[in-house]
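Visitor: could you work out the structure for the sequence below:
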Amino acid sequence: MLYIKMNKDLPVEISESTPARLPNGSWDKSWKTRNDWTSYGQVCGLAKYLTAMTGRMFVGCDEGPGCSPQFDIIELPKVGDEVSYAFNGDYYPDGTITRITKTLQIKTSTGNRYYRRGVSGCWKMTGGTWSLVKGHINERNPSF
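Guide: Numbers count the residues shown, from 1 in each chain. You can find the predicted model right below:
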């Protein structure tokens, strides 16, 4: 989860770990998370600003009205990142990312292709069952 320190409506700092408490023990309310975003337009605007501010690629996500939190900001994977594909507790290594298109389709060194499911934070393998996950993971669901 990303923590974004806001100055009015503009992000000024970003962290992937929980920010420290203030000296009096309370939380600094200028830090915002996915629990604070209220629209897809808001997270897309913040993602563009964070991309310009850091040089890293961020996108806004809308998981749909049945999900909580509905809106989020994620950092895109990068060419060269190790990835795996997963479904129902099974994970299989899938090489490294070799290409990311302008439409955010991802191709791996094994030849697999993934597409972003709508405007969510999920990338599905062509065929629709397997999801892209970060890192090389080789595990099976022990319940079968």
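Visitor: kindly provide the distance from the nearest residue to Lys78 once chain neighbours are set aside to Asp81.
Guide: Nearest residue to Lys78, sequence neighbours excluded (Cβ to Cβ, 6 or more residues apart in numbering): Ile97, at 6.8 Å. For glycine as for every other residue, the C-beta is placed from the backbone atoms N, C-alpha and C. For Ile97, the distance to Asp81 (Cβ to Cβ, to the nearest Å) stands at 5 Å.
Visitor: who has more neighbours, those two?
Guide: Neighbours around Ile97 and Asp81, counted as other Cβ atoms under 10 Å, are more numerous at Ile97. The numbers are 20 against 15.
Visitor: report the distance from whichever strand or helix holds that one to the chain centre.
Guide: Per DSSP states H and E, Ile97 falls inside strand 90-100. Mean-position distance between strand 90-100 and its chain equals 16 Å (Cα atoms, centre = their mean, to the nearest Å).
Visitor: how about it: buried residues?
Guide: Tyr91, Tyr92, Asp94, Thr96, Ile97, Ile100 (16 or more other Cβ atoms under 10 Å).
Visitor: does the fourth one touch Gly80 like I think?
Guide: Yes: when contacts are counted by Cβ atoms under 8 Å, Thr96 is listed as touching Gly80 (5.7 Å).
Visitor: before we move on, the earlier item: show me what the strand holding Ile97 is packed against.
Guide: Judged by 3 or more Cβ pairs under 8 Å, 6 or more residues apart in numbering; DSSP states H and E, the packing partners of strand 90-100 are strand 82-87, strand 106-108.
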